[in-house]
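just need the structure, nothing else, for what follows:
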Amino acid sequence: MWILETAAVALGLYSALPVPQFEWTRRNMRYALAAFPLVGVLLALACWAWSALCAFLSLPALLRGAVLCVLPALVSGGIHLDGYCDTADALASHASPERMREILHDPHCGAFAVTRLCVYFISLFALCCVWVPTRPGLVCLGLGFVLSRALSGAALTLLPIAPGSGLARSFADAADKSRVRGILAVTAALCLLGTALAGGWKTLAAVCAVTLPIALHFRQTARKRFGGVSGDLAGWFLVKLEFWLLAALTAVQILEGLR
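Okay, the predicted model is just below:
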């Protein structure tokens with residue numbers, strides 16, 4: 001029963017899916033971060049189903065790309081985009097860590113956030129239209145959704161939590177950190193293995209080439225600019241990583257098409 005409660009807590013917080021609501025306790029929050037990648041699995045299935053429908057109905061690439069572009073926001077409820085926008089505003093301020101943490105908690109959306117969000121969606125839409133949803137490509141895309149959530153969740157157990165990060169601290173403190181890290185590490189490793197098997201070593205190399213620098217940049221930004229990681233920063237990292245993972249998959253397809 002506690003396993004279902006843990007999954008429901010993770011899906012209820014990190015997705016817009018209708019799931020049974022349970023009171024948060026240390027028991028069902030203990031492995032909630034380890035269940036975070038389940039949202040990526042559901043998002044992968046949604047992308048697969050939409051791509052299959054597009055192929056069956058011979059829908060135009062623009063329509064296919066438009067829905068693929070917004071599916072992550074629809075499935076997640078926009079929780080990670082909220083962190084992306086808040087972090088964009090904070091980083092653009094070039095203020096002290098204390099002031100930037102205050103900006104993260106500000107409910108208003110600044111001009112920098114709006115600008116970044118427009119650039120993000122236009123660029124993502126273009127990638128979704130250019131990327132071809134082949135079977136190996138869909139597998140790799142879906143594994144990317146799982147990988148980004150495994151790494152984002154692991155960050156909350158590895159990095160220091162920024163002062164004032166109430167929700168992130170609650171989940172980090174309640175987590176069995178060593179076991180959660182182990183589960184998420186295995187999840188990430190399986191995602192990379194699956195990417196190699198489905199897309200080949202070139203695809204794996206492209207995925208690693210974007211994942212490693214983005215993860216290191218996230219670690220440095222969280223520590224030096226904010227004094228630790230928060231839920232907003234974890235969402236910012238997840239959004240950036242998923243964008244560049246799709247860019248990497250698209251680049252591999254383009255290069256293979258030029259051979």
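
helices of the stretch 1-150 of the chain, start to end?
With DSSP state H, counting those that start in this stretch as the criterion, the stretch 1-150 of the chain has helices at 2-14, 26-29, 32-35, 37-57, 61-76, 79-93, 97-105, 111-130, 135-158.

quick check: buried residues in the fifth one?
Translated: helix 61-76. Arg64, Gly65, Val67, Leu68, Cys69, Leu71, Pro72, Ala73, Val75, Ser76 (16 or more other CB atoms under 10 Å). Quick note: C-beta positions are derived from backbone N, CA and C, even for glycine.

do you know the pLDDT at the residue nearest to Thr187 when sequence neighbours are not counted?
Using CB to CB, 6 or more residues apart in numbering and skipping the chain neighbours, the partner closest in space to Thr187 is Ala150 (4.3 Å). For Ala150, the pLDDT comes out at 96.

one more: Ala175?
As predicted, Ala175 sits at a pLDDT of 66.

likewise for Val67?
With respect to pLDDT, Val67 scores 97.

ok, it - contacts?
By CB atoms under 8 Å, 6 or more residues apart in numbering, the contact set of Val67 is Trp50.

go on, Leu127?
Neighbour list for Leu127: Phe243, Leu246, Ala247, Thr250 [criterion: CB under 8 Å, 6+ apart].

pick the one among the residues you listed closest to Val114.
Using CB to CB, Phe243 is the member of these that sits closest to Val114, with 17.2 Å.

host element of the closest one?
helix 231-258 (DSSP states H and E).

still on that earlier bit, how about the helices of the stretch 1-150 of the chain, which one is nearest Ala222?
Between Ala222 and those, the tightest spacing by CB to CB is seen for helix 135-158, at 7.5 Å.

could you check the angle helix 2-14 makes with the closest one?
Angle of helix 135-158 versus helix 2-14, following axes from the mean of the first three to the mean of the last three CA atoms, to 10 degrees, is 100 degrees.

restricting to C-alpha, output helix 135-158 in CSV.
C-alpha atoms of helix 135-158 as CSV (Å, rounded to 0.1, in the frame of the first residue of the first chain):
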residue,chain,number,x,y,z
ARG,A,135,10.5,4.0,-33.3
PRO,A,136,14.1,4.3,-32.0
GLY,A,137,13.7,8.1,-31.8
LEU,A,138,10.6,7.8,-29.6
VAL,A,139,12.3,5.3,-27.3
CYS,A,140,15.3,7.7,-26.9
LEU,A,141,13.0,10.7,-26.4
GLY,A,142,11.0,8.8,-23.7
LEU,A,143,14.2,7.7,-22.0
GLY,A,144,15.2,11.3,-22.0
PHE,A,145,12.1,12.3,-20.0
VAL,A,146,13.0,9.6,-17.5
LEU,A,147,16.7,10.5,-17.3
SER,A,148,16.0,14.2,-16.7
ARG,A,149,13.7,13.4,-13.8
ALA,A,150,16.2,10.9,-12.3
LEU,A,151,19.0,13.4,-12.4
SER,A,152,16.7,16.3,-11.1
GLY,A,153,15.5,14.1,-8.2
ALA,A,154,19.1,13.0,-7.4
ALA,A,155,20.2,16.6,-7.2
LEU,A,156,17.9,17.2,-4.2
THR,A,157,19.7,14.4,-2.3
LEU,A,158,23.2,15.3,-3.4
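
tell me how far it lies from the chain's centre.
Offset of helix 135-158 from its chain centre (CA atoms, centre = their mean, to the nearest Å): 7 Å.

which of the residues in that helix are classified as buried?
Within helix 135-158, the residues scored as buried using 16+ other CB under 10 Å are 136-157.

now stretch 207-224
Buried residues in stretch 207-224 (16+ other CB under 10 Å): Val207, Val210, Thr211, Ile214, Ala215, Phe218, Thr221, Ala222.

contacts for it?
Stretch 207-224 has contacts (CB under 8 Å, 6+ apart) with 91, 140, 144, 147, 151, 155, 159-160, 162, 192, 195, 228-230, 233, 236-237, 240-241, 244-245, 247-249.
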